[in-house]
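Q: I need the structure of the sequence given here:
(one chain, ligands or ions: 2)
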Amino acid sequence: MADNVIIFDTTLRDGEQALKASLTVKEKLQIALALERLGVDVMEVGFPVSSEGDFLSVRTIAENIKNSRVCALSRAVEKDIDVAAEALKVAEAFRIHTFIATSALHVEAKLRRTFDDVVEMAINAVKRARRYTDDVEFSCEDAGRTGIDNICRIVEAAIDAGATTVNIPDTVGYTLPMQYGEIIANVMNRVPNVDKAIISVHCHNDLGMATANSLTAVQNGARQIECTVNGIGERAGNTALEEVVMAIKTRQDLFKGVDTRINTQEIHRVSQMVSQLCNMPIQPNKAIVGANAFAHSSGIHQDGMVKNKNTYEIMSPETIGLKKEKLNLTARSGRAAVKNHMESMGYQESEYDLDKLYEAFLKLADKKGQVFDYDLEALAFIDMQQGDEDRLTLDVITSQMISHLPASAFVQVELDGERLSEVSSGGNGPVDAVFNAILKITQIDLKMLSYNLTAKGEGAEALGQVDIVVEHEGRRFHGVGLATDIVESSARALIHAINAIYRAHKVADLKSHKHSH
Ligand code: KIV
Ligand code: ZN
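A: Ligands and ions are numbered 1, 2, ... in the order given. Alright, predicted model coming up:
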């Protein structure tokens with residue numbers, strides 16, 4: 001029987017906290033559902049005490065996820081633990097994750113305590129969490145820079161207090177594989193009650209070692225890996241889920257009898273979704289999920305591949321759910337065809353709004369003629385990112401640009417059902433002119449923090465996607481727009497962000513969040 005490594009996904013906690021603008025509840029739920037289908041054992045989905053928004057998303061996910069254990073983070077303080085339990089209690093079973101820093105540097109400079117205090121706080125925190133659930137994880141933050149005697153002491157105390165998983169994070173990505181493996185080996189050999197808990201690893205990638213460190217830890221006895229999709233996370237990110245999972249699967253000769261429960265066929269799809277919703281592009285040469293991860297460019301390699309794939313391919317693209325065929329639809333294709341294509345890409349109807357998707361598909365098919373599966377997927381992602389009941393919608397835009405002269409634009413929108421229009425001139429390009437007209441209509445005060453344009457699809461037929469991040473009253477909002485024309489994508493992105501701002505005002509929660517969509 002396989003000796004499974006527990007895959008603990010923290011995309012929606014450690015990954016999300018590093019985003020420029022945080023995800024909406026709807027987006028987080030979409031990602032959680034995708035992670036559930038991927039087969040993660042545990043998903044850490046937020047830090048409920050940090051904001052009302054985080055609390056609500058943890059609760060919503062806990063209500064909806066049935067096949068993975070949902071977990072929330074708390075510092076080793078009573079209030080955090082109580083709030084985490086309150087957010088999670090709608091789930092049948094859940095995990096509370098509590099942590100405190102253990103390195104001398106953190107204990108003295110950050111916490112201004114002694115290590116004895118820290119051990120006591122850890123014990124109290126674990127006991128408090130055990131009041132709510134029998135699945136409690138304790139983490140020694142900055143364990144990578146904590147002396148081994150102190151690590152062993154606190155691990156033993158946490159297990160005695162009732163922790164069922166103890167995590168040894170390399171919070172700042174400082175250790176190298178041999179050294180990190182040795183820490184885990186020491187914990188396995190020296191902590192007398194270690195058999196009563198799972199030893200977990202959580203590596204950051206500051207020196208590019210996160211995957212290697214996690215795998216070395218498994219070889220030394222760790223049986224939980226904490227990771228994120230595409231490796232997103234603080235600074236250089238966390239261990240990439242797809243890398244550790246595919247390494248264990250591909251190198252079974254080295255991981256004899258050790259496996260994960262991940263359905264690897266879902267990897268590509270989840271990776272795309274996380275990249276899109278989190279507004280975090282994937283570098284083309286990223287292992288496993290980069291656009292070039294299975295591309296062979298040199299003549300020698302291509303020749304080898306034709307003769308025998310194994311010459312240059314250590315795993316097949318199909319294993320991670322990559323499809324070779326690029327199927328297309330036209331304006332004559334019906335709803336059923338659109339639904340079928342979505343199904344063949346792995347999307348269930350509950351994940352998207354078929355009516356809205358079909359409407360968007362028809363508009364695109366009229367413009368483009370052929371709509372490929374990747375276009376359809378891009379449209380579905382945009383739908384997942386739109387909120388419900390938008391106050392502001394786009395009717396018409398025209399913009400004019402003559403070389404060396406300022407650009408002008410005409411924009412007509414509907415705001416709360418009322419048709420409004422504006423003309424703007426003096427823009428330093430057509431996008432600027434359109435933005436100015438929209439802002440003149442809405443009179444909303446915002447600062448543009450970033451503007452990114454990406455081609456979705458292939459060649460000249462690609463759709464243009466614009467992602468912007470704006471700041472309004474100290475909070476950040478992400479806007480995304482997709483169209484065949486980049487001026488229209490830009491207008492849609494700004495309108496998306498403004499609708500998110502309106503929504504935040506409606507629930508009057510602007511002050512309680514740092515960032516949001
Ligand atoms: O990196 C870290 O130490 C963490 C802990 C909260 C587990 O994210
Ligand atoms: Zn971390």
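
Q: name the helix or strand of the chain that has the lowest mean pLDDT.
A: helix 299-307 (a mean of 84; mean pLDDT, DSSP states H and E).

Q: can I get the CA coordinates of that helix in PDB?
A: Extracted in PDB, the C-alpha atoms of helix 299-307 (Å, rounded to 0.1, in the frame of the first residue of the first chain):
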ATOM      1  CA  GLY A 299      16.400  20.300 -34.400                       C
ATOM      2  CA  ILE A 300      18.300  17.600 -32.600                       C
ATOM      3  CA  HIS A 301      15.600  17.300 -29.900                       C
ATOM      4  CA  GLN A 302      12.800  17.300 -32.400                       C
ATOM      5  CA  ASP A 303      14.500  14.600 -34.400                       C
ATOM      6  CA  GLY A 304      14.900  12.500 -31.200                       C
ATOM      7  CA  MET A 305      11.200  13.100 -30.300                       C
ATOM      8  CA  VAL A 306      10.000  11.800 -33.600                       C
ATOM      9  CA  LYS A 307      12.100   8.600 -33.200                       C
END
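
Q: in that helix, what counts as buried?
A: The neighbour-count check on helix 299-307 (16 or more other Cβ atoms under 10 Å) flags residue 304 as buried. The C-beta positions use only the backbone N, C-alpha and C, and glycine is treated the same way.

Q: centre of the chain to it, how far?
A: Its chain's C-alpha centre and that of helix 299-307 lie 36 Å apart, by Cα atoms, centre = their mean, to the nearest Å.

Q: for it, name the packing helices and strands.
A: Contacts defined by 3 or more Cβ pairs under 8 Å, 6 or more residues apart in numbering; DSSP states H and E place helix 299-307 against no helix or strand at all.

Q: now the element after that helix, going C-ward?
A: Next in sequence after helix 299-307, counting helices and strands by DSSP states H and E, comes strand 328-329.

Q: now do the helix or strand that that following strand is followed by: distance to the chain's middle.
A: Next along the chain after strand 328-329, taking DSSP H and E as the criterion, comes helix 335-344. Relative to the mean C-alpha coordinate of its chain, helix 335-344 is positioned 26 Å out (Cα atoms, centre = their mean).

Q: after helix 335-344, which helix or strand is next? Please name it.
A: Criterion used, DSSP H and E; the element after helix 335-344 is helix 354-368.

Q: which neighbouring elements make contact with that next one?
A: Counting contacts by 3+ Cβ pairs under 8 Å, 6+ apart, helix 354-368 is packed against helix 335-344, strand 371-372, helix 373-385.

Q: out of those, flag the one nearest residue 105.
A: Residue 105 lies closest to helix 373-385 among these, at 40.0 Å (Cβ to Cβ).

Q: just the mean pLDDT for that closest one, thanks.
A: The average pLDDT within helix 373-385 is 89.

Q: go through the helices and strands packed on helix 354-368 and name the closest to residue 103.
A: Closest approach to residue 103 among the helices and strands packed on helix 354-368 (Cβ to Cβ): helix 373-385, 39.1 Å.

Q: in the stretch 351-500 of the chain, which spans are helices?
A: With DSSP state H, counting those that start in this stretch as the criterion, the stretch 351-500 of the chain has helices at 354-368, 373-385, 430-442, 486-506.

Q: can you check the stretch 51-200 of the chain too?
A: For the stretch 51-200 of the chain, applying DSSP H, counting those that start in this stretch gives helices covering 52-64, 78-88, 104-105, 115-130, 148-161, 177-190.

Q: mean pLDDT added to these, as TSV?
A: Below are these laid out as TSV (pLDDT from 0 to 100):
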stretch	mean pLDDT
helix 52-64	97
helix 78-88	98
helix 104-105	98
helix 115-130	98
helix 148-161	98
helix 177-190	98
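
Q: between the ones you listed, which one is nearest to ligand 1?
A: helix 78-88 (11.5 Å; Cβ to the nearest ligand atom).

Q: including distance to ligand 1 and mean neighbour count, could the helices of the stretch 51-200 of the chain go into TSV?
A: Output for the helices of the stretch 51-200 of the chain, formatted as TSV (distance: least, Cβ to the nearest ligand atom, whole Å; neighbours: other Cβ atoms under 10 Å):
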stretch	distance to ligand 1	mean neighbour count
helix 52-64	14	21
helix 78-88	11	21
helix 104-105	13	13
helix 115-130	13	19
helix 148-161	13	20
helix 177-190	13	18
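
Q: need those in JSON lines (columns: distance to residue 317).
A: As requested, these are arranged in JSON lines below (distance: least, Cβ to Cβ, whole Å):
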{"stretch": "helix 52-64", "distance to residue 317": "30"}
{"stretch": "helix 78-88", "distance to residue 317": "37"}
{"stretch": "helix 104-105", "distance to residue 317": "44"}
{"stretch": "helix 115-130", "distance to residue 317": "42"}
{"stretch": "helix 148-161", "distance to residue 317": "41"}
{"stretch": "helix 177-190", "distance to residue 317": "28"}
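
Q: for residue 335, which of these is the nearest?
A: helix 52-64 (25.9 Å).

Q: can you give me the strands for the stretch 401-517 of the chain?
A: Taking DSSP state E, counting those that start in this stretch, the strands of the stretch 401-517 of the chain run over residues 407-415, 418-427, 447-456, 463-472, 475-483.

Q: just the helices and strands packed on helix 354-368: most buried one?
A: strand 371-372 (a mean of 24; mean count of other Cβ atoms under 10 Å).

Q: neighbouring strands - and their directions - for that one?
A: If you go by DSSP bridges, strand 371-372 pairs up with strand 328-329 (antiparallel).

Q: look up how far residue 480 lies from residue 365.
A: From residue 365 over to residue 480 the distance is 21 Å, taken as Cβ to Cβ, to the nearest Å.

Q: more neighbours: the two, which one.
A: The neighbour count for residue 365 versus residue 480, taken as other Cβ atoms under 10 Å, is higher for residue 480 (23 against 19).
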